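Chemist: here is my input; please provide its structure:
(chains A and B)
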Amino acid sequence: MDMREFDSPTKNTWCPGCNNFGILAVVKQVLAELVNSGKAKPEELVIVSGVGCHGKISDYVKVNSFYCLHGRVLPPAMGIKVANQRLKVIAFAGDGDAYAEGISHVVHAARRNLDVTFVVHDNEVFALTTSQVTPTTKIGFRTKSAPKGSFETPLNPLHLMLSCGATFVARGFSGDPRHLKSLLIEAVRHRGFGFIDVLQECVTFNPIREKYASKIYDLNKEGHDVTNFSAAWEKACEVERIPIGIFYRVEKEIYEKQLLGDRILADEGTIPSIKKVLQEFT
Amino acid sequence: MPIDPDFMVKRKKVGTHSGHDVWGPVNPPKELGIHGTSVAVDWDVCNGDAICSEVCPVNVFDMVEVQGHPTSNKKSDPARESDCIKCLACEINCPTKAIRIEK
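Modeler: Prediction:
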């Protein structure tokens, strides 16, 4: 299967130069590899996305998808996995989506070790609503909502995930699509909550790509032990040089297996058809 | 050296290749010129890395073989330049800045 078979007819409305284009291409390549290696059938792939510029990725990839309310990416992803464990779910969120509106869902999905891949498009700004501060906005960054510069201490997403008991914690960079692809493959392959914080710029409101590019290095090429929690925590503290790659990775039983064993609820005929459910509210 | 943004003024069209223009000077095998207009790839700068074809969401590029060029023996050809949606993923990711998209 070629990645182009995942092209959708929807017109793409991201800004020219948006880093999401590179991420989109990476996602399509990874989906094609999943199908070609026999790990999933095309109809078993599901994309869930939240609200934000990133969210349009649901429209731009031709697979089953669920476009959620703001911040609520992981509850539908969890519902999908609980209903049918066979499905491969890749959930996308923005930094506002994941760390502001939806932070509680992220905490619990990581803690439970839900078997989904969670990709956060972290551009440190609410871009779709034309620039307001998010929990990852750096101190001093001026936006419409903080004209004198943000004064809030930014959240460190990797520390958050490590302290929540996440079993796969990684950071990618949109400026290195090949590295991001290898990272996404590893995250999808990981049995459990595969978390990737993708550093990217917002070409319109926060053009920081060049600044990042000069500081980025691959920590997995420097002999980092991915099973060492303390080492992962320390690496996540670095700001002078910015490490990307897999920070932490351990095996742990997944949520769905503990809840259901090998049962596939979707095959048991107990889940009402979505049409019936929706008709109740129309 | 990156692609010259003013190539359309400073250079002349000397022919076509796979449906797109080629801007001279062209003296193979050492000088190959610029391929394409709205999606322009300077073949004398291109190092055959192919990241452009990997990140392009609409499959504009083909990698073609060339013989005896000092930079590389593979070049990125904007074979379907009319499909370009001007997302700039190729231009941003090109390691040698060989690509220019007409904005």
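Chemist: how many other residues sit next to the nearest residue to B:Pro70 once chain neighbours are set aside?
Modeler: Closest residue to B:Pro70 apart from its sequence neighbours, by Cβ to Cβ, 6 or more residues apart in numbering or on different chains: B:Lys30 at 6.3 Å. Every C-beta, even on glycine, is put in place using the N, C-alpha and C of the backbone. Neighbour count of B:Lys30, defined by other Cβ atoms under 10 Å in any protein chain shown: 10.
Chemist: show me what contacts the residue most central in space within chain A?
Modeler: Most central in chain A under Cα atoms, centre = their mean is A:Val119, positioned 1.1 Å from the mean C-alpha point. Contacts for A:Val119 (Cβ atoms under 8 Å, 6 or more residues apart in numbering or on different chains) come out as A:23, A:90-93, A:184, A:187, A:196, A:198.
Chemist: and these, which are buried?
Modeler: A:23, A:90-93, A:184, A:187, A:196, A:198 (16 or more other Cβ atoms under 10 Å in any protein chain shown).
Chemist: the top helix by length along chain A and chain B in contact?
Modeler: Of all segments of type helix in chain A, defined using DSSP state H, the longest is helix A:20-36. Yes - contact of helix A:20-36 with chain B (Cβ under 8 Å from any Cβ of the partner chain) involves A:21-22, A:24-26, A:28-29.
Chemist: show me the two of these that sit farthest apart.
Modeler: Maximum pairwise distance in these, criterion Cβ to Cβ, is 13.0 Å, between A:Phe21 and A:Gln29.
Chemist: with neighbour numbers in mind, choose between these two.
Modeler: Between A:Phe21 and A:Gln29, counted using other Cβ under 10 Å, A:Phe21 has the larger neighbour count: 27 against 20.
Chemist: kindly provide the distance from the more buried one to B:Val60.
Modeler: According to Cβ to Cβ, to the nearest Å, A:Phe21 stands 12 Å off from B:Val60.
Chemist: just the pLDDT for A:Ala146.
Modeler: Per-residue confidence at A:Ala146 stands at 93 (pLDDT).
Chemist: just give the nearest non-adjacent residue to whichever residue of the stretch 101-250 of chain A sits closest to chain B, would you?
Modeler: Of all residues in the stretch 101-250 of chain A, A:Pro177 sits closest to chain B, with a separation of 5.3 Å (Cβ to the nearest Cβ). Using Cβ to Cβ, 6+ apart and skipping residues adjacent in sequence, the residue nearest A:Pro177 is A:Gly22, 4.7 Å away.
Chemist: ok, the one you found - contacts?
Modeler: A:174, A:177, A:180, B:55, B:89, B:92-93.
Chemist: so who does the residue nearest the centre of chain B touch?
Modeler: What sits nearest the mean C-alpha location of chain B, by Cα atoms, centre = their mean, is B:Val41, with 1.5 Å. Contacts for B:Val41 (Cβ under 8 Å, 6+ apart) come out as B:3, B:34-35, B:52, B:61, B:75-78, B:98-99.
Chemist: quickly find the element holding it.
Modeler: Using DSSP states H and E, B:Val41 maps to strand B:39-42.
Chemist: same deal with A:Arg171?
Modeler: Assigned by DSSP H and E, A:Arg171 falls in strand A:168-173.
Chemist: please state the offset of that strand from the chain centre?
Modeler: Mean-position distance between strand A:168-173 and its chain equals 9 Å (Cα atoms, centre = their mean, to the nearest Å).
Chemist: repeat for stretch A:195-203
Modeler: On Cα atoms, centre = their mean, the centre of stretch A:195-203 falls 9 Å from the chain's centre.
Chemist: endpoints of that stretch, how far apart?
Modeler: End-to-end distance of stretch A:195-203: 24 Å, with Cα to Cα, to the nearest Å as the criterion.
Chemist: list the contacts of the residue lying farthest from the centre of chain B.
Modeler: Distance from the C-alpha centroid of chain B, by Cα atoms, centre = their mean, peaks at B:Gly68 (17.4 Å). With contact set as Cβ under 8 Å, 6+ apart, B:Gly68 has these partners: B:28-30.
Chemist: same deal with B:Pro95?
Modeler: By Cβ under 8 Å, 6+ apart, the contact list for B:Pro95 reads B:47, B:49, B:51.
Chemist: coming back round to it: which residues touch the residue nearest to B:Pro70?
Modeler: Taking Cβ under 8 Å, 6+ apart, one finds B:68-70 in contact with B:Lys30.
Chemist: which pLDDT value goes with the residue nearest to A:Thr153 when sequence neighbours are not counted?
Modeler: Of all residues not flanking A:Thr153 in the chain, A:Ile139 sits nearest, at 7.0 Å (Cβ to Cβ, 6+ apart). Per-residue pLDDT puts A:Ile139 at 96.
Chemist: count the residues that sit near A:Ile139.
Modeler: Neighbour number of A:Ile139 under other Cβ under 10 Å is 11.
Chemist: now swap in A:Pro42 and tell me
Modeler: 15.
Chemist: helices of the chain, start to end?
Modeler: Since no chain was named, I'll use chain A. A:20-36, A:57-60, A:74-83, A:95-96, A:103-112, A:157-163, A:177-189, A:209-213, A:229-235, A:255-260, A:274-279.
Chemist: other chain: chain B
Modeler: Counting by DSSP H, the helices of chain B are B:7-10, B:51-55, B:89-93.
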